[in-house]
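[1] Give the three-dimensional model of this entry:
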Amino acid sequence: MSRRKQAFGVPALSDPHRAGLFSLVLRHAPISRVELARQTSLDPSTIARTLRPLVDEGYVTEAPTAPNGRGRPERLIEIVAAKHTAIGIKIGPRVISGVVTDLGANVLARGEEEVGVPLEASDTFRAVAGLVDRLLASVPQARERSLGLGIAVSGHVDPDAGTCRYSPILGWRGVDVAKPLSEMTGLPVTVHNDVNALAVAEHLFGHGRNARNFAVVTLGPGIGLGLVIDGKVYGGAHGTAGELGHIPLVPGGPLCSCGRHGCLEALAGDAAIAAAAGTTDVAGAMIAARNGPDRQAVKAQSAFTAAGRWVGRGLAVVSNLAAPELIVITGEGSAAYDLMEHSLTASLKEYAFEGGDFLPRLEVAAADADLWGKGAACLAIQRSLR
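    Numbering: from 1, shown residues only. Now for the predicted structure:
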């Protein structure tokens with residue numbers, strides 16, 4: 001299923017200063033030249049000279065004039081989102097899901113492929129390549145306009161090498177992901193941990209656009225963490241940073257999926273909540289908790305309250321270690337945030353250093369079916385800005 005590679009690259013963004021300016025426009029458009037000058041400390045003539053190739057090559061356009069609040073018009077810079085496409089694929093334990101987006105991460109097409117368990121890497125790559133082909137075929141000229149393919153994988157990922165070092169949920173260890181998929185699809189491939197992919201998406205287009213230091217925490221079957229420090233995703237020495245779900249909180253506590261006891265995931269992941277609520281899954285626990293003041297509702301509400309307390313402790317660890325200005329809570333489990341918000345915020349304040357005087361701001365990013373695919377697509381978009 002090998003594809004002939006086409007020429008990729010963004011000549012207009014080959015200059016690092018121009019790429020940096022374009023990144024600002026991408027994150028904050030529509031934006032005026034005055035604001036660009038303020039954020040970059042560049043003079044207006046340098047802004048104009050740097051923008052000119054981006055305008056000439058159709059990456060940005062100047063929108064109709066608008067008043068700036070003092071009665072004088074300002075020319076607003078907009079991204080031409082249709083200029084490029086990006087493909088994002090999330091490799092899950094049973095389903096491979098993906099999207100095609102434009103340059104602004106707006107979803108143009110979506111699809112998924114069910115796969116067997118366990119996931120053999122070679123079979124998985126063939127399924128990914130087939131899904132990529134179908135997605136690209138569904139959007140006119142998507143391949144010709146493509147920036148590349150982003151792959152999001154749960155576990156430890158070395159993005160520089162394009163390898164999955166270890167993924168317990170997939171059963172992979174030392175798997176080269178980027179090279180075989182690039183050969184099979186004919187696209188440049190960027191691979192990252194799935195939560196770090198969400199952090200990239202939040203930095204480019206979400207709550208983290210105006211933050212230099214922030215964290216993304218995902219709630220669900222596992223509890224994940226992506227850190228953005230000084231505007232860059234922090235992966236640690238080996239791409240293994242962010243295992244928030246496996247911080248040990250209770251010695252001798254419940255067994256975790258990692259084989260250890262008392263991890264945050266074992267206390268506040270979906271399975272723990274469902275077990276405490278007496279339901280078969282966390283969706284049933286949410287229904288029970290919101291169904292009224294009967295005995296089952298009280299039990300389910302108590303389960304979410306307890307989970308919130310544990311998650312709040314975990315967020316306090318993040319706050320005490322990294323001191324982010326913002327924590328974005330997302331993932332499928334964020335749908336139950338209202339059921340744990342009170343206990344979560346109280347626990348965060350209780351365990352944060354200095355009594356919570358410097359608490360990070362909390363924001364919730366609603367999860368939908370495209371969440372992980374869009375995050376992966378943003379890996380390809382970010383790659384073009386380097």
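
[2] Now do the buried residues in stretch 148-163.
    Buried residues in stretch 148-163, counted by 16 or more other CB atoms under 10 Å: 148-159, 162-163. No exception for glycine: its C-beta is placed from N, CA and C like everyone else's.

[3] Kindly report the same for stretch 102-114.
    102, 103, 104, 105, 107, 108, 109, 110, 111, 112, 113.

[4] Also stretch 246-253?
    So for stretch 246-253, counting by 16+ other CB under 10 Å, buried means 246, 247, 249.

[5] Same question for stretch 341-358.
    Neighbour-count burial for stretch 341-358 [16+ other CB under 10 Å]: 341, 343, 344, 345, 347, 348, 349, 351, 352.

[6] Strands - which of these land there?
    Secondary structure assignment by DSSP state E places none of those in strands.

[7] tell me which of these is nearest to residue 325?
    residue 352 (13.4 Å; CB to CB).

[8] I figured the closest one hits residue 319, correct?
    Yes. Taking contacts as CB atoms under 8 Å, residue 352 lies within contact range of residue 319: 4.9 Å.

[9] what residues are shared contacts of the two?
    Listed as contacting both residue 352 and residue 319 by CB atoms under 8 Å, 6 or more residues apart in numbering are 358, 359.

[10] circling back to that earlier point, so of the buried residues of stretch 148-163, which two are at opposite extremes in space?
    Farthest pair in the buried residues of stretch 148-163, by CB to CB: 148 and 156, 22.3 Å.

[11] Which parts of this structure are helices?
    In the chain, the helices defined using DSSP state H lie at 16-28, 33-40, 44-56, 121-137, 178-185, 194-205, 264-268, 270-277, 282-289, 295-322, 337-351, 371-383.

[12] in the fifth one, what counts as buried?
    Residues of helix 178-185 classed as buried: 178, 180, 181, 182, 183, 184, 185 (neighbour count, 16+ other CB under 10 Å).

[13] just curious, which of those residues is nearest to residue 199?
    Using CB to CB, residue 178 is the member of these that sits closest to residue 199, with 19.2 Å.

[14] Distance of the closest one relative to residue 186?
    13 Å (CB to CB, to the nearest Å).

[15] quick revisit: could I get the buried residues of stretch 246-253 in a markdown table, plus columns for pLDDT and distance to residue 51?
    Shown next, in a markdown table, are the buried residues of stretch 246-253 (pLDDT from 0 to 100; distance: CB to CB, whole Å):
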| residue | pLDDT | distance to residue 51 |
| --- | --- | --- |
| 246 | 95 | 46 |
| 247 | 96 | 45 |
| 249 | 96 | 50 |
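
[16] so where is the stretch 51-200 of the chain shaky, pLDDT-wise?
    64-73 (pLDDT under 70).

[17] give me that answer again for 90
    62-75, 93-94, 114-120, 168-169, 171 (pLDDT under 90).

[18] which ones are touching residue 32?
    68, 74, 75, 76, 77.

[19] burial measure for the nearest residue to residue 227 once chain neighbours are set aside, as a count.
    Spatial nearest neighbour of residue 227, excluding adjacent residues (CB to CB, 6 or more residues apart in numbering): residue 234 at 4.3 Å. Counted with other CB atoms under 10 Å, residues neighbouring residue 234 total 16.

[20] what sits against residue 234?
    Residue 234 neighbours (CB under 8 Å, 6+ apart): 227, 228, 241.

[21] On the pLDDT front, check it for me.
    Turning to residue 234, the model gives it a pLDDT of 94.

[22] ok, it to residue 163 distance?
    For residue 234, the distance to residue 163 - CB to CB - is 19 Å.

[23] now swap in residue 145 and tell me
    On the measure of CB to CB, residue 145 and residue 163 end up 28 Å apart.

[24] and what of residue 140?
    Counting by CB to CB, the gap from residue 140 to residue 163 is 34 Å.

[25] likewise residue 268?
    On the measure of CB to CB, residue 268 and residue 163 end up 30 Å apart.

[26] Kindly report the same for residue 283.
    For residue 283 relative to residue 163 (CB to CB), the value is 34 Å.

[27] which non-adjacent residue is nearest the most centrally placed residue in the chain?
    In the chain, the residue lying closest to the centroid (CA atoms, centre = their mean) is residue 198, at 0.3 Å. Setting aside the residues directly before and after it, residue 198 is nearest to residue 375 in space (CB to CB, 6+ apart), at 4.3 Å.

[28] Just list the residues touching the residue nearest to residue 194 when sequence neighbours are not counted, thanks.
    Residue nearest to residue 194 in three dimensions, not counting chain neighbours: residue 152, with 4.0 Å by CB to CB, 6+ apart. Residue 152 makes contacts with 88-91, 192-194, 197, 372-373, 375-376, 379, as judged by CB under 8 Å, 6+ apart.

[29] Show me which parts of stretch 302-311 are buried, residue by residue.
    Those would be 303, 304, 305, 306, 307, 308, 309, 310, 311, for stretch 302-311 by 16+ other CB under 10 Å.

[30] Make a markdown table from these and add distance to residue 83 and pLDDT to it.
    Shown next, in a markdown table, are the buried residues of stretch 302-311 (distance: CB to CB, whole Å; pLDDT from 0 to 100):
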| residue | distance to residue 83 | pLDDT |
| --- | --- | --- |
| 303 | 48 | 98 |
| 304 | 44 | 98 |
| 305 | 48 | 98 |
| 306 | 49 | 98 |
| 307 | 43 | 98 |
| 308 | 43 | 98 |
| 309 | 47 | 98 |
| 310 | 45 | 98 |
| 311 | 40 | 98 |
